[in-house]
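J.: Just a sequence and a predicted model for now, questions to come.
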Amino acid sequence: MDAILIERLTKTYQPMWPWERPVTVLADVSLSISRGEIFGFLGHNGAGKTTTMKILLGLLRATSGRVELLGSLAGNVASRSQVGYLPESPYFYDYLTAEEFLCFYGKLAGLAREVIQRRTAELLERVGLTESRHRQLRKFSKGMLQRIGLAQALIHDPELVILDEPMSGLDPIGRKEVRDIILSLRDHGKTVFFSTHIISDVEMLCDRVGILARGKVLALGRIEELVKEHAIQSVEVVCDGVVGAELPDVQSLATRIVQRGERCLVILSGQGHLEQVLAILRQAGGRLVSVIPHKNSLEDIFLERTNRKV
Ligand SMILES: Nc1ncnc2c1ncn2[C@@H]1O[C@H](COP(=O)(O)OP(=O)(O)OP(=O)(O)O)[C@@H](O)[C@H]1O
Ligand SMILES: [Mg+2]
């Protein structure tokens, strides 16, 4: 059974006013996430990440398509009790202290008193807020609110955790702590579906990643595979003892030649003509210093797929 199953999901926001046009945010999105997986959902601002998550939780209705969580239809109470959710901009009852806030959510989840007490203490420790447990949330910083929001999402030890930009507003220590929490959730067999713009967090954490842009999932798979698919982008050849610009064949094959004294840097657009260029450089008396292939990073793929290449 998949933890999350999204089939042909479409969401069109209807206009408020007759002169406005409907906006289709998700167009025929399909995605499945296995149990025990950490899945990163990447997309630029306004790509539809939050919309997808809200539909998963039954907070928004899909225009069409089928969405299942842990084998039940989204919005179904049975599925929701097994799901933890950190919203993008959590609304907090800010007169409550951190401890009261977690107890409140524990009660909502129907946990027994002793369980609430134990989980509250454990989670406050885990998100580094034990010392602030008696402070009201209105006196919390943005990063502290993010931490308590994460603790709230985990209070009932859910099977599936949906986190909308869990790293947002956190300092480097906070980000590392959240990463460690996500990894320990996986160690306990939980499924984590999180959205982010921070590519390095995805690279460090995820089993698979999906890139959402223009209402569609434009790339989906394991990071190594996505990066491999997009093979080598360019190759840099450094050679001493030649003047590249004086070798017409090199000039026609290279995308750029940079000469610094007797050292020549030749940039090729791919590996296609590498051997040929190396042979010409050697023939001209050049001494090869290095050949460096530049692979696409996840960031390149993200920028390319979302059409925001700079
Ligand atoms: N209630 C609404 N009515 C109309 N349009 C909406 C509504 N909510 C969101 N949208 C639009 O849907 C698109 C997707 O929004 P969404 O919040 O899902 O994006 P996101 O990927 O979470 O972005 P971000 O990275 O900024 O959080 C945006 O263009 C937004 O303007
Ligand atoms: Mg969002």
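T.: On my side now, so go ahead. Numbering: from 1, shown residues only. Ligands and ions are numbered 1, 2, ... in the order given.
J.: Can you list the buried residues in stretch 240-253?
T.: Neighbour-count burial for stretch 240-253, with 16 or more other Cβ atoms under 10 Å as criterion, is recorded at 242, 244, 247, 250, 253. In short, each C-beta sits where N, CA and C put it, glycine included.
J.: how about the helices in the stretch 101-250 of the chain?
T.: Counting by DSSP state H, counting those that start in this stretch, one finds helices in the stretch 101-250 of the chain at the ranges 113-126, 142-154, 172-187, 199-205, 223-229, 248-253.
J.: Could you single out the most deeply buried of the ones you listed?
T.: helix 142-154 (a mean of 22; mean count of other Cβ atoms under 10 Å).
J.: For the residue lying closest to I38 once chain neighbours are set aside, which residues are in contact?
T.: Computed as Cβ to Cβ, 6 or more residues apart in numbering, the closest residue to I38 that is not its neighbour in sequence is V192, at 4.6 Å. Contact analysis of V192 by Cβ atoms under 8 Å, 6 or more residues apart in numbering lists 37-39, 160-161, 163, 182, 185-186.
J.: Out of those, which are close to ligand 2?
T.: Restricting those to those touching ligand 2 (Cβ under 5 Å from the ion) yields no residues.
J.: and of the residues you listed, the nearest to ligand 2?
T.: Distance to ligand 2 across these (Cβ to the ion) is lowest for L163, with 11.4 Å.
J.: number of nearby residues for the residue nearest to that closest one when sequence neighbours are not counted?
T.: Spatial nearest neighbour of L163, excluding adjacent residues (Cβ to Cβ, 6+ apart): F194 at 4.0 Å. If you count neighbours by other Cβ atoms under 10 Å, F194 ends up with 24.
J.: so F194 bridges to which residues?
T.: G40, L163 (DSSP bridges).
J.: For the protein, what lies in contact range of ligand 1?
T.: Residues of the chain lying close to ligand 1 (Cβ under 6 Å from any ligand atom) are 13, 23, 25, 43, 45-51, 88.
J.: Of these, grab the buried ones for PyMOL.
T.: Per 16+ other Cβ under 10 Å, the buried members of those correspond to this PyMOL selection:
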select buried, resi 25+43+47+48+49+50+51
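J.: Select from the residues of the chain next to ligand 1 every entry located in strands.
T.: Under the assignment DSSP state E, the residues of the chain next to ligand 1 contribute 13, 23, 25, 43 to strands.
J.: so the second one bridges to which residues?
T.: It stands for V23. Bridge pairing for V23 - DSSP bridges - gives Y13.
J.: quick one: it and M16 touch, right?
T.: No. Here V23 does not reach M16: they are 10.9 Å apart, not a contact under Cβ atoms under 8 Å.
J.: Pull the helix or strand bottoming out on mean pLDDT in the chain out as PDB, backbone CA atoms only.
T.: Here the helix or strand of the chain ranked lowest by mean pLDDT, DSSP states H and E is helix 77-80, holding a mean of 73. Below are the C-alpha coordinates for helix 77-80, written out as PDB (Å, rounded to 0.1, in the frame of the first residue of the first chain):
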ATOM      1  CA  VAL A  77     -11.100  10.800   9.400                       C
ATOM      2  CA  ALA A  78      -9.400   7.300   9.600                       C
ATOM      3  CA  SER A  79      -6.600   8.400   7.400                       C
ATOM      4  CA  ARG A  80      -6.100  11.800   9.100                       C
END
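J.: Use 28 as the first number from now on
T.: Renumbered: residue one is now 28, and that last one reads helix 104-107.
J.: Tell me the helices and strands packed up against it.
T.: Counting contacts by 3 or more Cβ pairs under 8 Å, 6 or more residues apart in numbering; DSSP states H and E, helix 104-107 packs against strand 91-96, strand 99-100.
J.: Identify the residues contacting the shortest one?
T.: With contact meaning Cβ under 8 Å, 6+ apart, strand 99-100 is reached by 93-94, 105-106.
J.: Taking those together, which two end up most distant?
T.: R93 and A105 (16.6 Å; Cβ to Cβ).
J.: Residue of the protein nearest ligand 2, please.
T.: T77 (3.2 Å).
J.: Just give me the closest of the contacts of V219 to S57.
T.: When these are compared against S57 (criterion: Cβ to Cβ), the nearest one is F66, at 13.9 Å.
J.: For the closest one, which residues are in contact?
T.: 31, 60, 218-221, 233-237.
J.: where does this protein dip in pLDDT?
T.: Scanning the chain with the threshold set as pLDDT under 70 gives 117-119, 256-259, 323, 335-337.
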